[in-house]
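> everything below, folded, please.
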Amino acid sequence: MRIHHLGLVVSAMLALILSSCGPKKVEVLVTAYDFAFQPDTVEVPAGAEVTLTLVNHGNAEHVWLVLERDHELTLPFDEDDSPHVLARTIADVTGRETFTFAAPAEPGEYTVVCSIPGHAEAGMLGRLIVR
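Residues are numbered from 1 along each chain as shown. The predicted model follows:
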């Protein structure tokens with residue numbers, strides 16, 4: 001009997017160790033207003049599995065998207081910026097969208113922008129800080 005219990009304890013410990021080897025899971029809530037994100041800065045661990053919910057309290061559709069770290073955004077957001085998008089979601093007026101993405105593996109500061117024409121120019125910008 002003792003050997004059987006020891007086996008169960010070892011199995012449980014091994015399962016716990018292996019489950020902690022995967023990416024860290026982070027949940028984030030961002031609210032979109034006209035024309036701002038709240039919070040405008042989101043911090044996540046490098047490589048984390050991020051589940052972000054975008055709630056739209058604005059009077060227009062809003063986008064929350066992250067650009068590659070070294071991409072320099074020049075306003076307005078346009079087709080030159082599109083190939084540099086790492087993650088993106090859209091929320092309709094009074095809508096709520098949840099999506100999951102992998103945080104970049106490289107620590108640093110990433111630009112967040114609403115790509116709807118005129119929104120970034122009105123100040124709808126933010127940051128994703130990867131630690």
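> what about the helices in this protein?
Along the chain, counting by DSSP state H, helices occupy 2-19.
> pLDDT weak spots in it?
1-21 (pLDDT under 70).
> ok, now with 90
Along the chain, the parts satisfying pLDDT under 90 run over 1-23.
> mind listing the strands for it?
In the chain, the segments counted as strands under DSSP state E are 25-33, 36-38, 41-44, 49-56, 62-67, 85-91, 96-102, 108-113, 125-130.
> redo these as JSON lines? Include distance to Thr74.
For the C-beta atoms, the positions are set from N, CA and C on the backbone; glycine is no exception. As requested, those are exported to JSON lines (distance: least, Cβ to Cβ, whole Å):
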{"stretch": "strand 25-33", "distance to Thr74": "22"}
{"stretch": "strand 36-38", "distance to Thr74": "20"}
{"stretch": "strand 41-44", "distance to Thr74": "21"}
{"stretch": "strand 49-56", "distance to Thr74": "24"}
{"stretch": "strand 62-67", "distance to Thr74": "11"}
{"stretch": "strand 85-91", "distance to Thr74": "15"}
{"stretch": "strand 96-102", "distance to Thr74": "24"}
{"stretch": "strand 108-113", "distance to Thr74": "11"}
{"stretch": "strand 125-130", "distance to Thr74": "13"}
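> return the most buried member of these.
strand 62-67 (a mean of 24; mean count of other Cβ atoms under 10 Å).
> partners of that one, with directions?
Strand pairing for strand 62-67, using DSSP bridges, gives strand 85-91 (antiparallel), strand 108-113 (antiparallel).
> ends of stretch 67-78, how far apart?
12 Å (Cα to Cα, to the nearest Å).
> my bad, should have said stretch 70-90
23 Å.
> how about it: buried residues?
Across stretch 70-90, burial judged by 16 or more other Cβ atoms under 10 Å covers Leu73, Phe77, Asp81, His84, Val85, Leu86, Ala87, Thr89, Ile90.
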